[in-house]
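Enquirer: Return atomic coordinates for the entry below.
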Amino acid sequence: MSSTVPLIVRLLASSVSVANRAGKIVRDVMSKGELGIVEKGKDDYQTEADRSAQKCIIAALSAQFPKLSIIGEEDSPENDTEVPTDWLVVDADKEVLTLNCPTNLQGVKEEDIVVWVDPLDGTSEYTQGFLEHVTVLIGISVNEEPVAGVIHQPYYKSMIGGEKKMGRTIWGLKDAGVGGFTPAPPPDSLIITTTRSHSNPLVEKALQVMNASQILRVGGAGYKVLQLLEGKASVYVFASGGCKKWDTCAPEAILSASGGTLSDMLGNRYKYGASVGKPNKTGVLAAANPELYNYALSRIPQELKEALAK
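Expert: Numbering: from 1, shown residues only. Sure, this is the predicted structure:
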């Protein structure tokens, strides 16, 4: 990989290749039928795919960029670093390497970067067979701001040259663009995407005030943001503290690179530094363009904001 390519671009290019490999691990675990499910908490599960995919991502990126701070969802012992050699991905996506790096990111050093990893976003859906909701997320932040990200869909099916291909990887770099898919305009009517498994009265109240024509209840923050990017939904609404920084770092970076916005339900942007709290305590509000985002934010009553902020 050329050392003349700015670090942030090289890291994103490597993350695309690493996410592809992690996606294969996710599929391999499922095909073997031994998911190794562990219940971490109420409605919070971990599988062998979560554990192995995270080990692959952290080992591969750490080998190439040893001074990065990497925060993964799954707890693992610090000395648990041995992985199969074919997990140590050294390839880099050639298309990403050609990106023009924004001026403000050209001088970034490894020590300035925090990488947020969700090796399997939508674990509950993975165990229940809703495989299209499953994503691998790698988010890259600089100075607490998400600037680049990767969303890989292990079970996305496409036909290339007459052959079926499994898996798709999309990426984004702030002020440089997105790749791996073609963004689509929002639907003509207001369609909300929200959680399928973590609802409560506050969540439902936030949905009601939007006056949407349709509500899509799906799993995974990555998949919900993909719905915005692909024009299948208008706004992503989740009025609860149920997701974490590794759920939103990559999706926010890609959404921002395509002209969208992601914040908490109060309109505040989350910070992604190494020392910040991991929970997104005041929910998630996102949209594919500023007009839809501003509309959604304006619909949220003050009492709902106060209830979330407690």
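Enquirer: Please make it C-alpha for all contacts and neighbour counts, starting now.
Expert: Fine.
Enquirer: which residue packs closest to residue 155, ignoring adjacent ones?
Expert: Computed as Cα to Cα, 6 or more residues apart in numbering, the closest residue to residue 155 that is not its neighbour in sequence is residue 167, at 5.2 Å.
Enquirer: Run a quick neighbour tally on the one you found.
Expert: A count of nearby residues for residue 167, using other Cα atoms under 10 Å, gives 17.
Enquirer: and it, which of the three is it?
Expert: Look at residue 167: counting by DSSP: H, G, I helix; E, B strand; the rest coil, its state is strand.
Enquirer: Verify the contact between it and residue 23 for me.
Expert: Yes. Here residue 167 reaches residue 23: they are 7.3 Å apart, a contact under Cα atoms under 8 Å.
Enquirer: Quick one: the strands in the chain, in order.
Expert: Here the chain has its strands, by DSSP state E, at 38-41, 44-46, 69-72, 113-121, 135-142, 145-160, 163-173, 177-179, 191-195, 214-218, 235-238, 261-263, 284-287.
Enquirer: could these go into CSV alongside distance to residue 103?
Expert: Below are those laid out as CSV (distance: least, Cα to Cα, whole Å):
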stretch, distance to residue 103
strand 38-41, 42
strand 44-46, 40
strand 69-72, 23
strand 113-121, 16
strand 135-142, 14
strand 145-160, 13
strand 163-173, 12
strand 177-179, 14
strand 191-195, 35
strand 214-218, 37
strand 235-238, 31
strand 261-263, 22
strand 284-287, 26
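Enquirer: got JSON lines for those, with mean pLDDT and distance to residue 88 too?
Expert: Below are the strands of the chain laid out as JSON lines (pLDDT from 0 to 100; distance: least, Cα to Cα, whole Å):
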{"stretch": "strand 38-41", "mean pLDDT": "55", "distance to residue 88": "26"}
{"stretch": "strand 44-46", "mean pLDDT": "60", "distance to residue 88": "22"}
{"stretch": "strand 69-72", "mean pLDDT": "96", "distance to residue 88": "16"}
{"stretch": "strand 113-121", "mean pLDDT": "97", "distance to residue 88": "15"}
{"stretch": "strand 135-142", "mean pLDDT": "98", "distance to residue 88": "16"}
{"stretch": "strand 145-160", "mean pLDDT": "92", "distance to residue 88": "18"}
{"stretch": "strand 163-173", "mean pLDDT": "92", "distance to residue 88": "18"}
{"stretch": "strand 177-179", "mean pLDDT": "96", "distance to residue 88": "24"}
{"stretch": "strand 191-195", "mean pLDDT": "95", "distance to residue 88": "34"}
{"stretch": "strand 214-218", "mean pLDDT": "95", "distance to residue 88": "32"}
{"stretch": "strand 235-238", "mean pLDDT": "96", "distance to residue 88": "35"}
{"stretch": "strand 261-263", "mean pLDDT": "98", "distance to residue 88": "32"}
{"stretch": "strand 284-287", "mean pLDDT": "97", "distance to residue 88": "34"}
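Enquirer: so what sits against both of residue 167 and residue 23?
Expert: 152-154 (Cα atoms under 8 Å, 6 or more residues apart in numbering).
Enquirer: quick one: which of the residues you listed is most hemmed in?
Expert: Neighbour tally across the shared contacts of residue 167 and residue 23 (other Cα under 10 Å): the maximum, 30 neighbours, falls on residue 152.
Enquirer: count of neighbours near the residue nearest to that residue when sequence neighbours are not counted?
Expert: Leaving aside its sequence neighbours, residue 152 sits nearest to residue 169 (Cα to Cα, 6+ apart; 4.2 Å). Residues lying near residue 169 (other Cα under 10 Å) number 21.
Enquirer: now do residue 306
Expert: For residue 306, the count of nearby residues is 11 (other Cα under 10 Å).
Enquirer: any idea how far it is from residue 286?
Expert: Using Cα to Cα, to the nearest Å, residue 306 is found at 19 Å from residue 286.
Enquirer: With residue 135 instead?
Expert: From residue 135 to residue 286 the distance is 18 Å (Cα to Cα).
Enquirer: Name the residue in those two with the higher neighbour count.
Expert: Neighbour count, other Cα under 10 Å: between residue 135 and residue 286, residue 135 has more, with 34 against 31.
Enquirer: Report whether the expected contact of the more buried one with residue 120 is present.
Expert: Yes. If you go by Cα under 8 Å, residue 135 and residue 120 touch, sitting 5.8 Å apart.
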